[in-house]
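J.: quick one, fold the following:
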Amino acid sequence: MIGTDTILLWTSPVVLITAVLIVRRRASFTRTLAALAMTGYALVVVSATLFPLPIDAGAIASRKAIVGFSYNLIPLETVRDSLTGPRGSGTVNLLIGNLLLLAPLTFLGAVLWPRLRSWRRALLLGFSVSLSIELLQLTISAVLGFSYKIFDIDDLVLNTVGALIGYAVFVVLQALTVRLRRQQANRGPGSGSL
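T.: Numbering: from 1, shown residues only. Sure thing, here's the model as predicted:
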């Protein structure tokens, strides 16, 4: 089994290389922090959505006999079932986890790349990344012969809405930052109190 810890161990050098490249470019502190956060975030998303990955033939065969193959193509069916069924960690994982999964992507993306500073691009980015994750999960399941990770249209919907939430947080924080800078500029350099 290729587990999450193995993937994070193998990919830790990516974070280090990213840090070195950013420092060499002499980026601002904010951009450096955002780039490191984006690199770490991307590794966590890949780890959480695609791993652990079974590679043992015996484990695959026994899992195939028990699990079968399933997917959900009916929008909001899983959300409805989670809300009307017994409350528990599954509901929290589905609704909050999927809603927040791509919020950092559009938030950090807008910090790093000004071209991503529109709600349409945030929507497109969130949808594209979520669809890619779901298709990869479906492909892995098809190769293994059982639903290792389930393709669910609700994940696509929740991830995309979450991407818009991340972008909205960026817009609000950017507006607050601009407002604070204007207030400080209006006060002037000698107006501080002591």
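J.: contacts and neighbour counts: CA atoms only from here.
T.: Will do.
J.: domains for this protein, by residue range?
T.: Under automatic domain parsing, the residue ranges defining each domain of the chain are 1-53, 71-179.
J.: can you pull the contacts of Leu136?
T.: Shown in contact with Leu136 (CA atoms under 8 Å, 6 or more residues apart in numbering): Leu50.
J.: how close does it get to Arg187?
T.: 54 Å (CA to CA, to the nearest Å).
J.: and for Ile140?
T.: Counting by CA to CA, the gap from Ile140 to Arg187 is 59 Å.
J.: the two: which has the busier surroundings?
T.: Ile140 (18 against 11; other CA atoms under 10 Å).
J.: surely the more buried one is in contact with Tyr148?
T.: Yes - distance between Ile140 and Tyr148: 7.3 Å, which falls inside the contact criterion (CA atoms under 8 Å).
J.: strands of the chain, start to end?
T.: 71-72, 151-152 (DSSP state E).
J.: that older thread, pick the most deeply packed of the domains of the chain.
T.: Comparing the domains of the chain by mean neighbour count (mean count of other CA atoms under 10 Å), domain 71-179 ranks first with a mean of 18.
J.: and the end-to-end length of that one?
T.: The straight-line separation of the ends of domain 71-179 (CA to CA) is 47 Å.
J.: for it, the distance to its chain's centre please.
T.: Its chain's average C-alpha position is 7 Å from that of domain 71-179, according to CA atoms, centre = their mean, to the nearest Å.
J.: mean confidence for that domain?
T.: Here domain 71-179 scores 90 as its mean pLDDT.
J.: cool, stretch 39-49 as well?
T.: Computed over stretch 39-49, the average pLDDT equals 87.
J.: picking up where we left off before, out of the domains of the chain, which comes closest to Ile60?
T.: Proximity to Ile60 (CA to CA) singles out domain 71-179 among these, at 6.9 Å.
J.: and for stretch 64-83, what's in contact with it?
T.: By CA under 8 Å, 6+ apart, stretch 64-83 touches 90-91, 94-95, 141, 144-147, 150-154, 157.
J.: please repeat the previous calculation with a cut-off of 7 Å.
T.: Thr91, Gly145, Phe146, Ser147, Ile150, Phe151, Asp152, Ile153, Asp154 (CA atoms under 7 Å, 6 or more residues apart in numbering).
J.: reformat those residues as JSON lines; add distance to Ser82.
T.: Below are the contacts of stretch 64-83 laid out as JSON lines (distance: CA to CA, whole Å):
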{"residue": "Thr91", "distance to Ser82": "5"}
{"residue": "Gly145", "distance to Ser82": "26"}
{"residue": "Phe146", "distance to Ser82": "23"}
{"residue": "Ser147", "distance to Ser82": "19"}
{"residue": "Ile150", "distance to Ser82": "15"}
{"residue": "Phe151", "distance to Ser82": "16"}
{"residue": "Asp152", "distance to Ser82": "13"}
{"residue": "Ile153", "distance to Ser82": "14"}
{"residue": "Asp154", "distance to Ser82": "11"}
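J.: closest to Pro104 among those residues?
T.: Asp154 (19.1 Å).
J.: who's in contact with Pro112?
T.: One correction, residue 112 is Leu, not Pro. Arg31, Ala34.
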